[in-house]
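[1] 3D model of this:
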Amino acid sequence: MWELAGAGWRKVLQQHRDAILEQHTGKLNTPRPVQIASLFEKLIGLRDVTRHWHWEHMSATCARSYLDAPVTRRGEIAHRVTAGIPVHKRDVVKASRFVRRVSVISSNHTSLFLSHTFGKLQWGGYTVR
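    Okay, here's the model as predicted:
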């Protein structure tokens with residue numbers, strides 16, 4: 001109780017925040033769709049953010065599968081020092097564009113979800129350029 005006195009509550013709240021973030025993001029070195037969906041649901045209650053990862057000519061199922069490929073290749077390189085097949089600049093550029101797109105979609109749906117939860121728009125939407 002004395003830890004909460006004065007400005008102590010801030011320190012307790014910061015320690016709690018740090019512990020929660022470490023628990024949920026500390027082992028997120030391979031961000032597979034299942035882990036991402038679990039993270040959003042556990043931390044803010046947004047169920048399966050990956051179901052929103054769709055756009056023209058890309059279904060959510062295909063997007064989930066597509067994300068697994070560069071994550072798997074990254075793991076192969078990191079743990080075996082080789083990818084088996086060469087990684088070309090165009091592969092990196094394509095993966096970067098894809099990650100940017102799903103990040104924007106995730107951000108926009110998170111903002112809408114929080115807006116419905118709290119009754120106030122949390123931040124404006126983003127677009128992919």
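[2] what distance separates stretch 33-41 from the centre of its chain?
    The chain centroid and the centroid of stretch 33-41 are separated by 7 Å under CA atoms, centre = their mean, to the nearest Å.
[3] Return the set of buried residues in that stretch.
    Buried residues in stretch 33-41, defined by neighbour count with 16 or more other CB atoms under 10 Å: Pro33, Gln35, Ile36, Ala37, Leu39, Phe40. The C-beta positions use only the backbone N, C-alpha and C, and glycine is treated the same way.
[4] now swap in stretch 4-12 and tell me
    Buried residues in stretch 4-12, counted by 16+ other CB under 10 Å: none are found.
[5] Stretch 91-110 too?
    For stretch 91-110, burial by neighbour count (16+ other CB under 10 Å) applies to Ala95, Phe98, Val102, Ile105, Ser106, Ser107, Asn108, His109, Thr110.
[6] who touches that stretch?
    Residues from elsewhere that reach stretch 91-110, judged by CB atoms under 8 Å, 6 or more residues apart in numbering: 36, 40, 44, 46, 49, 52-53, 55, 63, 66-67, 69-70, 122-123, 125-128.
[7] Quick one, which of those residues are buried?
    Buried subset of the contacts of stretch 91-110 (neighbour count, 16+ other CB under 10 Å): Ile36, Phe40, Leu46, Val49, His52, Trp53, Ala63, Tyr66, Leu67, Pro70.
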